[in-house]
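Chemist: Build me a structure from this.
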Amino acid sequence: MCLFRTGDGSLSMRHPRHGEGYHPREGARTQAERLYLEASGVTAFARPRVVEVGFGLGLNFAVTLARVRERGGWLDYRAVEAEPAPWEVVAEVMGEILPELPGLLEPHWGRSVVVVGEGFRLELALGRAERWSLPAEWADAVYFDPFSPRVNPVVWTPWVFARMYRALKPGGVLVTYSVAGRVRRGLEQAGFEVERIPAWGRKRHWLRARKSDAPPHEVEEGYEGVEGRA
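Modeler: Next up is the predicted model:
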């Protein structure tokens with residue numbers, strides 16, 4: 001399963017087919033906290049609504065829920081995943097953050113599900129992000145965390161970004177680890193205001209894209225490349 005400890009002590013896994021890790025070797029939990037939780041602005045909301053593209057090992061969800069609980073809040077979380085990871089890996093990764101989570105999710109793993117627990121509602125859809133239906137102007141933040149544009153190009157398209165744009169509230173934010181030119185251009189084409197932000201570890205920058213008050217751009221549907229996660 002290629003499970004390994006990252007530099008901050010948290011667990012991650014290398015995907016056997018894609019040849020990429022789910023998280024950076026420098027620190028899985030640190031990236032979840034600094035990029036997805038903090039740079040997205042989720043910490044400012046008492047009852048945040050989050051969309052995640054690429055649920056992966058569940059680390060971003062677990063870290064976000066832990067922080068929201070500390071503040072006595074409520075987390076509404078919608079995620080999509082095309083290739084569910086082995087349950088034993090997901091259970092170990094999430095269980096190190098919040099030990100009760102594996103017991104809540106195990107009976108449902110491998111299918112789309114809605115789970116409600118202490119301080120949260122999780123709606124996990126199994127399928128492709130480019131075909132995922134989301135309510136308009138629902139989310140405060142989008143965690144865009146599929147495998148890289150190199151191995152999963154079909155997800156990193158203006159068409160998918162436009163879906164995320166519509167799902168965000170005005171002023172909502174999408175954050176992602178990729179700063180590839182095609183990613184920046186695709187986000188801008190979908191209507192986002194895009195900026196590079198300081199990263200951590202070996203990466204110099206991450207991307208943060210903000211939804212303006214303008215209506216979404218019209219983007220033609222189109223899929224490129226090969227099938228991949230999320």
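
Chemist: pLDDT (mean, whole number) over stretch 87-95?
Modeler: Model confidence over stretch 87-95 averages 95 on the pLDDT scale.

Chemist: Just the CA atoms of that stretch, as PDB, please.
Modeler: Backbone C-alpha positions of stretch 87-95 (Å, rounded to 0.1, in the frame of the first residue of the first chain) are rendered in PDB as follows:
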ATOM      1  CA  TRP A  87     -10.200   1.400   4.000                       C
ATOM      2  CA  GLU A  88      -7.400   0.300   6.400                       C
ATOM      3  CA  VAL A  89      -5.300   3.300   5.200                       C
ATOM      4  CA  VAL A  90      -8.100   5.800   5.500                       C
ATOM      5  CA  ALA A  91      -9.000   4.600   8.900                       C
ATOM      6  CA  GLU A  92      -5.400   4.900  10.200                       C
ATOM      7  CA  VAL A  93      -4.900   8.400   8.700                       C
ATOM      8  CA  MET A  94      -8.100   9.800  10.000                       C
ATOM      9  CA  GLY A  95      -8.000   7.900  13.300                       C
END
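
Chemist: how about that stretch: buried residues?
Modeler: Of the residues in stretch 87-95, those buried under the neighbour-count criterion (16 or more other CB atoms under 10 Å) are 89-95. For every residue, glycine as well, the C-beta is placed using N, CA and C.

Chemist: How about stretch 33-40?
Modeler: With the criterion 16+ other CB under 10 Å, stretch 33-40 contains buried residues 33-37, 39-40.

Chemist: Quick one: end-to-end distance for it.
Modeler: For stretch 33-40, the first-to-last residue distance is 10 Å (CA to CA, to the nearest Å).

Chemist: Now do that stretch: distance to the chain's middle.
Modeler: Using CA atoms, centre = their mean, to the nearest Å, the mean C-alpha position of stretch 33-40 is found 11 Å from that of the whole chain.

Chemist: quick one: the strands in the chain?
Modeler: With DSSP state E as the criterion, the chain has strands at 3-5, 11-13, 49-53, 75-81, 113-117, 120-126, 139-144, 168-176, 192-198, 205-211.

Chemist: Now render those strands as JSON lines, adding mean pLDDT.
Modeler: Supplementary listing: the strands of the chain in JSON lines, determined by pLDDT from 0 to 100:
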{"stretch": "strand 3-5", "mean pLDDT": "89"}
{"stretch": "strand 11-13", "mean pLDDT": "91"}
{"stretch": "strand 49-53", "mean pLDDT": "98"}
{"stretch": "strand 75-81", "mean pLDDT": "98"}
{"stretch": "strand 113-117", "mean pLDDT": "97"}
{"stretch": "strand 120-126", "mean pLDDT": "98"}
{"stretch": "strand 139-144", "mean pLDDT": "98"}
{"stretch": "strand 168-176", "mean pLDDT": "97"}
{"stretch": "strand 192-198", "mean pLDDT": "97"}
{"stretch": "strand 205-211", "mean pLDDT": "97"}
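
Chemist: For the nearest residue to residue 92 once chain neighbours are set aside, give its distance to residue 206.
Modeler: Using CB to CB, 6 or more residues apart in numbering and skipping residues adjacent in sequence, the residue nearest residue 92 is residue 11, 6.1 Å away. If you measure residue 11 against residue 206 using CB to CB, to the nearest Å, the figure is 22 Å.
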